[in-house]
Every structure is written in C-alpha cells, then in structure tokens.
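> after the sequence you'll find the predicted model.
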Amino acid sequence: MILIADCGSTKIDWCVLNGKEKVAQVFTSGMNAMMLTEEEMAETIKNELVPQIDGKEITEVYYYGAGCLFENVCNNVRNAIKRNIPTAEKIEVQSDLLAAARALCGDKPGIACILGTGSNSCYYDGKEIVDNVSPLGYILGDEGSGAVLGKLLVGDVLKNQLPKELCDKFMEQFGLTRQTIIENVYRKPAANRFLASLSPFLIQNIEEPAVHRLVLNAFKAFFVRNIENYANYKEMPVCFVGSIACYYKDVLKEAADALYINLGTIIKSPMEGLLEYHSK
C-alpha cells in the first residue's frame, strides 16, 4: 500500500492507496519541517497517524510539504516517518510545489501555480520542476495570494481608496480599528495569516467595481511578475491549486484572458490529483 501526505503548517492530509482504491484518509496536526526537529515530527506521527493506519502494510510513502527544499530538512522528515512506518521500503519527501505540479499536470509539461495564503509557481517538464520564479513572500512578492489581497484591501481601506460605506462595512464586519490593524500587521506574529483572513471580504463584495478592480489587478500582477518569466508560457496551460484560485476563478480567468494566457485546471487541494498520479 502507498501512503501519500499533503502537509501544511495547520494540518496534514494522509491518504492510503491500495492500487487505485483509496482505503483510508486521515487528518493530523500540521508540521513545518523547517521549524521542527526529527524527534518532534516522529512524536506527532506516532501519536496521531500510526493508531489510525494500524494493520495497513505501507510499502511506499510520498510526503509533500512546505519547506521541504533542503536535503537535511527532507532527511529529518524521512527519518521521522521511517521510525514509525518500518515496513516502508521507499520514502520520498518533496516540496508542496512538486505536489501541485504532479497533481495538476500529471506526467505532462505545464506551468503549475499555488494560490492560497501565499503564492508560488514553476515550470514542470512532466517529471520534475525545471524552473521556479522565487515567490519572495508577501512583503516582496506573493502576488495574487490571500495575504497580498488582504494587504491591498487594508491599504485601500485605511487610505480611503474604497467607497466610504464599503470601508465602514469592512471595519464593522471584522471588528477592527486602525489601531488593531496596525498592531496585527506590525507587532504580532503571522501577519500574513491575519491579512489572508481578511481576503474573504473581497469575494463577498466582488460585484463592487473598486473591489473587482483590486482583485483583477492583483492577478494580473501575478501573471506579469511570475508567469511571463517562463519561456513559451503562452503555449503552456497555466494551472492552479489553492483556495484563492478556486474562490476567485472567474476573475482569475479574466486576468489570464486579458494577458493572452492559457488558463488550465483549477483545483482547491492537490490530494485528488496526487491520488491519480500515484495510482498509475
């Protein structure tokens, strides 16, 4: 049997695959491999995963996680898994970006993108990632992400760039003041998550011309500053995984069409595509 993990900082989605049949799906606490030791990850796997897959003989593990970019980090994850699943003869640890590419493109070339709290993209040749424009995070980059959409929204609200009634509605809906916004952005940790948590206001009010323009321009910036850096990008399907891509897919298509970009598959989570990829 094959065990596939789609790992984020908040939760991990584990699926057990027997041939082409999904025989189990388990959710555990998230693990940031850059922040945790091998011991800490092994303990989480032991306590939360192992009791739920007991009796299933796992021979292969494919683990995809944010931060799994460096060999020492991947080795820590690999060792933590091996300690708890000794029957696994093969343990592959890869980045969340490769998960997106395999889920979206399978074994065909294409441009795979992530649009969630953050954003990322790559050119995938059907086997591996061969080019990646650095996302740079929500301060320098992450165009089109939930964090950047939230940042643009808050900036427009505080600088009175949106209609007054819309600004008042925003502050009231989230129970915010200018002071609490400044504190959450500049003084508290995880400002990117705070900003991303505000972005649903945009989809709720997407019919407002000023809101629609903000979102459209953010997606155009994603395409211009990231996708247009890939050779032959107009000849490749540009595919997306992530909540932002799903919720705003109509505006995303509008931005792509305006720049003559071929929009491909859009999915919320990579797991369905990963199950298909690994069942072949």
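Thanks, I have the structure now.
> quick check: which ranges of the stretch 1-150 of the chain have low pLDDT?
In the predicted model, the stretch 1-150 of the chain carries pLDDT under 70 at residues 9.
> next, count neighbours for the closest residue to residue 136 other than its chain neighbours.
Spatially, and ignoring its direct neighbours in sequence, residue 136 is nearest to residue 142 (6.8 Å; CB to CB, 6 or more residues apart in numbering). For the C-beta atoms, the positions are set from N, CA and C on the backbone; glycine is no exception. When neighbours are defined as other CB atoms under 10 Å, residue 142 has 25 of them.
> try residue 143
Residues contacting residue 143 under the criterion other CB under 10 Å number 22.
> who touches residue 118 in this structure?
Applying CB atoms under 8 Å, 6 or more residues apart in numbering, we find residue 118 in contact with 135, 137, 138, 142, 145, 146, 147, 192.
> centre of the chain to stretch 269-280, how far?
16 Å (CA atoms, centre = their mean, to the nearest Å).
> let's number from 492 now, not from 1
From this message on, residue numbering opens at 492, which makes the last subject stretch 760-771.
> can I get the CA coordinates of that stretch in CSV?
Output for stretch 760-771, consisting of C-alpha atoms alone and laid out as CSV, is shown next (Å, rounded to 0.1, in the frame of the first residue of the first chain):
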residue,chain,number,x,y,z
SER,A,760,-6.5,20.7,-2.9
PRO,A,761,-3.7,18.7,-4.6
MET,A,762,-4.7,15.3,-3.0
GLU,A,763,-7.2,14.2,-5.6
GLY,A,764,-4.6,14.8,-8.4
LEU,A,765,-1.9,13.1,-6.3
LEU,A,766,-4.0,10.0,-5.8
GLU,A,767,-4.5,9.8,-9.6
TYR,A,768,-0.7,10.4,-10.2
HIS,A,769,0.4,7.7,-7.8
SER,A,770,-2.2,5.2,-8.8
LYS,A,771,-0.7,4.9,-12.2
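> need the residues that contact it.
By CB under 8 Å, 6+ apart, the surrounding residues in contact with stretch 760-771 are 493, 495, 497, 504, 506, 508, 510-511, 513, 553, 555, 587, 590-591, 593-595, 597-598, 732, 758.
> how about a cut-off of 7 Å?
Here stretch 760-771 makes contact (CB atoms under 7 Å, 6 or more residues apart in numbering) with 493, 495, 497, 504, 506, 508, 510-511, 513, 553, 590-591, 593-595, 597, 732, 758.
> tell me the mean pLDDT for it?
Mean pLDDT, taken over the full extent of stretch 760-771, equals 89.
> quick check: buried residues in that stretch?
Of the residues in stretch 760-771, those buried by neighbour count under the rule 16 or more other CB atoms under 10 Å are 760, 761, 762, 764, 765, 766, 768, 769.
> cool, and stretch 526-535?
Of the residues in stretch 526-535, those with enough neighbours to count as buried (16+ other CB under 10 Å) are 527, 529, 532, 533, 535.
> ok, the second one - contacts?
For residue 529, the contacting residues are 567, 570, 571, by CB under 7 Å, 6+ apart.
> beta partners of residue 620?
With DSSP bridges as the criterion, the beta-bridge partners of residue 620 are residue 615.
> and stretch 524-540, how far apart are its ends?
One end of stretch 524-540 to the other measures 16 Å (CA to CA, to the nearest Å).
> that older thread, which of the contacts of stretch 760-771 fall within helices?
Taking DSSP state H, the ones among the contacts of stretch 760-771 that sit in helices are 590, 591, 593, 594, 595.
> between the residues you listed, which sits nearest residue 663?
Proximity of these to residue 663, judged by CB to CB, is greatest for residue 591, which lies at 36.5 Å.
> show me the strands in this structure, by range?
For the chain, the strands defined by DSSP state E occupy 493-498, 502-509, 512-520, 551-556, 581-586, 601-606, 610-615, 620-622, 729-732, 754-758.
> what's the burial count for the nearest residue to residue 721 once chain neighbours are set aside?
Beyond its immediate neighbours in the sequence, the residue positioned closest to residue 721 (CB to CB, 6+ apart) is residue 614, lying 4.7 Å away. For residue 614, the count of nearby residues is 21 (other CB under 10 Å).
> leaving out sequence neighbours, find the closest residue to residue 496.
On the basis of CB to CB, 6+ apart, the spatially nearest residue to residue 496 that is not a chain neighbour turns out to be residue 554, at 4.4 Å.
> lovely, talk soon.
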